[in-house]
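Asker: Below are the sequence and a predicted model; questions follow.
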Amino acid sequence: MMKTQGVLVGVSLLTSVALLGLINVRRKEEMKEQKHVSFETIKLRVTRDVLGEYQHEVIRAHNLLDKTKAQVDTLGSELTPLQAAEARKKSELEACQGEKKHVADEVGAVEAENSNSKTEFEKQKAAWVAEMMSLKQQVEQRSKVCVFVKKDSVEGRKLCGDEPPKQEAAPKPDAPKPEESKPDAPKPDSPKEAPKQEAAPKPDSPKEAPKQEAAPKPEEPKPEAPKMR
């Protein structure tokens, strides 16, 4: 009996020790699980917070997307008339460029014509100046020569430009000539010769017309002619 009691006591002690060890192990595992659960709960809270922020961001993004879509729609509706206006402006610009080119061509042609006219005018002006200088020289030479030339002679009058008094005196003596020739037969001969004589000074007079206008200036030394005689 004593042995059985001792065995029972030993077995009970062993079982109690085993139970204590098992309890300790279970407590340790429970603490680990509690720590893990607390960590997971914290992690879940953080995840929820982050998810909430993400959801807010998503909502904001959706709102912004809606606003952007509305703006795109409004801009798209405004884009059509703007494109039409751009097309009109392009056509107007092309027309303006074409007109500008045409005007530039016309201006170039006018400038070229103006330059040609200027050069032609300068040439004519130079020719006129040269002709005037030559006429002045001729008038001066004739005025100098007329001082020493007898003006009673026909050549002196022609040289000094004193033919207008000849033309005035010429018809006076010629007038009685046709009157005397009236009874004579050669009436047509006398008028034929008369226009020939009148036509002869006519070409000379226009040529010397400008010379006669300049000639009065040197006619002042005419009274000196008798002095030279």
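Answerer: Arrived safely. Numbering: from 1, shown residues only.

Asker: Mind jotting down where the helices sit in this protein?
Answerer: Shown for the chain, the helices assigned by DSSP state H span residues 2-148, 154-160, 163-169, 171-174, 176-180, 189-199, 201-214, 225-228.

Asker: Look at residue 139 and say how many residues are nearby.
Answerer: Neighbourhood size, residue 139 [other CB atoms under 10 Å]: 20. Backbone N, C-alpha and C define where each C-beta goes, glycine included.

Asker: One more: residue 138?
Answerer: Using other CB under 10 Å, residue 138 has 14 other residues around it.

Asker: Could I get the average pLDDT for stretch 73-92?
Answerer: When pLDDT is averaged along stretch 73-92, the result is 89.

Asker: low-scoring pLDDT stretches of this structure, where are they?
Answerer: Within the chain, the ranges that satisfy pLDDT under 70 run 1-2, 142-229.

Asker: Could you check how far residue 63 is from residue 31?
Answerer: Note on residue 63: its distance to residue 31, by CB to CB, to the nearest Å, is 48 Å.

Asker: and what of residue 99?
Answerer: For residue 99 relative to residue 31 (CB to CB), the value is 96 Å.

Asker: try residue 13
Answerer: 27 Å.

Asker: for residue 113, same thing?
Answerer: Residue 113 is 112 Å from residue 31, by CB to CB.
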